[in-house]
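# Next one to model:
(one chain, ligands or ions: 1)
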Amino acid sequence: MTGKTIVLGIGGGIACYKIADLASKITQNGADVHAVLTHSATKFIAPLTFQALTHNPALSSLWSEENNLESGKSAGMPHIALADGADLILIAPATADLLARLAGGLGDDLLTTLVLATRAPVAIAPAMNPTMLAHPATQKNLETLRALGYRIIEPDEGRMACEHIGSGRLPETAELLAHIEAILFPNLDLAGKTVVITAGPTRESLDPVRYLTNRSSGKMGYALAEVAARRGAKVTLVSGPTNVQTPQKVEKIGVETALQMLEATQNAFQSADIMIAAAAPADFRARCIEPQKIKRGACKTAEISLIANPDIVAQCAANKRAGQIVVGFAAETQNLMKEARKKLNSKNLDAIVANDVTQAGAGFDVETNRVTWITAQTAQEWPLATKTEVAARIWDEILKF
Ligand code: PMT
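Got it, this is the predicted structure:
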């Protein structure tokens, strides 16, 4: 990172202690690091900590005399000097209040003023209590910030300092570092490629109030879409119902049923170079959808008659043109390799990503995955990694075809 100037904007959340580690690592990597703390952040951690780690003054005020600046071009106007010189501004942890001020375009402290005054890329890592994160006002502010072109680093899930469990944890240093590297050194090795990715579950109605579905959250498919877009691909994401944010620069087509997913995917596949089927479409749907809510009455048992849905990835792969690449996933609970190889061949795939969904930290609705990459020639077991890291590795392998 030598030659790069990084501004760390630190908000007033308990997670700001983690940024000391990040500041130390990127300074050791050669970056010129400037910490800018909000007033609330200074209540959690002393500016002196960052000053010692980065060897630069840690700033917290718009007014230079309060920042103890000795002299130089930033005297009197630290926001302009830093805004002009930065290659990246990373704001972490971004509290609900800080998000609101950034979304509103306020310049009521050094950090928000700096963001208004810069042309550098701005990445924002929200971290807060899960209920505050889920609040419609916070979500609306995040949407506004995305639309303004800021890169939002999705929070992790887990146990919070407030003892709540849910989404809102600041990602670990390694993940923040990966985002910084991706922004400073963009890898555009998928530029010129058009890709279609399926993600999430499907919902197959039984009556007006009930449906069949599965545990897919969409996280794996969305990670594939995010990485592809970041690496320059034109991405269409055909997604069943999920709560995952659509990544920047990704065209999302929302669908509900497997039949709708088939139609949207086949359309997008016509002009695609690569397809990855990470979705978990329902294999069956109701033979007939009851027009009225099915009544329980005095029944002790009930039967639903199902018919098979089309196999979306197999139908696309059956008609692939020369040069088109189709990669599937296999979600297995037993005989992982045997079942995955069977699917690789029967669906005419170029590769299949096998996950044993019974393993801790793998498969459905978790942030990580442990997969085996299988082609006709090879089988590589990859270690447990975040879904973003798995996605990056899948794209690396696809580029070798
Ligand atoms: O969404 P997450 O919570 O992040 O979880 C990720 C995941 C576990 C869903 C993902 O990693 C995964 O394994 N996706 C495939 C799920 C699945 O349907 O597996 P399968 O073995 O039943 O299907 C094999 C392949 O056929 C898959 O590529 C699937 O997308 C595809 N398929 C299946 C049925 C169908 N009707 N049409 C299809 O295209």
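# and the chain, which residues reach the ligand?
Counting by C-beta under 6 Å from any ligand atom, the chain comes close to the ligand at 198, 200, 216-220, 258, 277-281, 283, 309, 311-313, 328-331, 343, 355, 357, 363-365. Just so you know, the C-beta spots here come from the backbone N, C-alpha and C atoms, and that holds for glycine as well.
# Okay, and which of those map to strands?
Of those, the ones assigned to strands by DSSP state E are 198, 277, 328-331, 355.
# Which phi and psi values does the residue sitting furthest away from the middle of the chain adopt?
Distance from the centre of the chain peaks at residue 298, with 47.4 Å (C-alpha atoms, centre = their mean). Dihedral pair for residue 298: phi -100, psi 10, per degrees, to the nearest 10.
# what about the strands in the stretch 251-400 of the chain?
Remark: strands assigned in the stretch 251-400 of the chain by DSSP state E, counting those that start in this stretch are 274-277, 284-286, 306-308, 325-332, 351-356, 368-369, 371-374, 379-381, 385-386.
# Mind telling me which of those the model trusts least?
Lowest mean pLDDT within the strands of the stretch 251-400 of the chain: strand 385-386, at a mean of 89.
# residues in contact with that strand?
For strand 385-386, contacts defined as C-beta atoms under 8 Å, 6 or more residues apart in numbering pick out 175, 223, 367-370, 393.
# which of the residues of the chain next to the ligand count as buried?
Among these, those scoring as buried are 198, 200, 216-220, 258, 277-281, 309, 311-313, 328-331, 343, 355, 357, 363-364 (criterion: 16 or more other C-beta atoms under 10 Å).
# looking at the strands of the stretch 251-400 of the chain, which is buried most?
Counting by mean count of other C-beta atoms under 10 Å, strand 274-277 has the highest mean neighbour count of the strands of the stretch 251-400 of the chain, with a mean of 27.
# Tell me which other helices or strands that strand touches.
Here strand 274-277 touches strand 194-199, helix 258-270, helix 312-318, strand 325-332, helix 387-398, going by 3 or more C-beta pairs under 8 Å, 6 or more residues apart in numbering; DSSP states H and E.
# just so I know, which of these lies nearest residue 24?
Closest to residue 24 of the helices and strands packed on strand 274-277 is helix 387-398 (C-beta to C-beta; 22.4 Å).
# Tell me where the model's unsure across the stretch 201-350 of the chain.
Applying pLDDT under 70 to the stretch 201-350 of the chain flags no residue at all.
# how close does the closest residue in space to residue 331 that isn't next to it in sequence get to residue 334?
Nearest residue to residue 331 in three dimensions, chain neighbours excluded: residue 357, at 4.9 Å (C-beta to C-beta, 6 or more residues apart in numbering). Remark: distance between residue 357 and residue 334 (C-beta to C-beta, to the nearest Å) = 10 Å.
# now residue 160
With C-beta to C-beta as the criterion, residue 160 and residue 334 are 36 Å apart.
# What of residue 234?
Residue 234 sits 38 Å away from residue 334, going by C-beta to C-beta.
# same thing with residue 312?
Per C-beta to C-beta, residue 312 is found 24 Å from residue 334.
# hang on, the earlier thing: which two of the ones in strands among the residues of the chain next to the ligand have the greatest separation?
Largest separation among those by C-beta to C-beta: 198 and 355, giving 15.4 Å.
# List phi and psi for residue 296.
Note on residue 296: its backbone torsions stand at phi -70, psi -40 [degrees, to the nearest 10].
# Please identify the most buried of the helices and strands packed on strand 274-277.
strand 194-199 (a mean of 27).
# Who are the packing partners of whichever helix or strand comes after that strand?
Beyond strand 194-199 on the C-terminal side, the first helix or strand identified by DSSP states H and E is strand 204-207. Helices and strands touching strand 204-207, by 3+ C-beta pairs under 8 Å, 6+ apart, are strand 210-212, strand 284-286.
# Give me the sheet partners of the first one and which way each runs.
Going back to what we said before, that points to strand 210-212. Counting by DSSP bridges, the strands paired with strand 210-212 are strand 204-207 (antiparallel).
# send the alpha carbons of the strand it pairs with over as CSV?
Extracted in CSV, the C-alpha atoms of strand 204-207 (Å, rounded to 0.1, in the frame of the first residue of the first chain):
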residue,chain,number,x,y,z
GLU,A,204,-44.2,-22.5,-4.7
SER,A,205,-47.8,-21.5,-3.7
LEU,A,206,-50.1,-24.1,-2.2
ASP,A,207,-53.0,-21.7,-1.7
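# And the contacts of that strand?
Against strand 204-207 from outside (C-beta under 8 Å, 6+ apart): 211-213, 257-258, 282, 284-286, 289-294, 304, 309.
# quick one on the thing from earlier: reformat the helices and strands packed on strand 274-277 as JSON lines; add distance to residue 10.
Below are the helices and strands packed on strand 274-277 laid out as JSON lines (distance: least, C-beta to C-beta, whole Å):
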{"stretch": "strand 194-199", "distance to residue 10": "33"}
{"stretch": "helix 258-270", "distance to residue 10": "41"}
{"stretch": "helix 312-318", "distance to residue 10": "45"}
{"stretch": "strand 325-332", "distance to residue 10": "39"}
{"stretch": "helix 387-398", "distance to residue 10": "23"}
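# What residues are bridge-paired with residue 166?
On the basis of DSSP bridges, residue 166 is bridged to residue 158.
# distance of it from residue 287?
Residue 166 is 39 Å from residue 287, by C-beta to C-beta.
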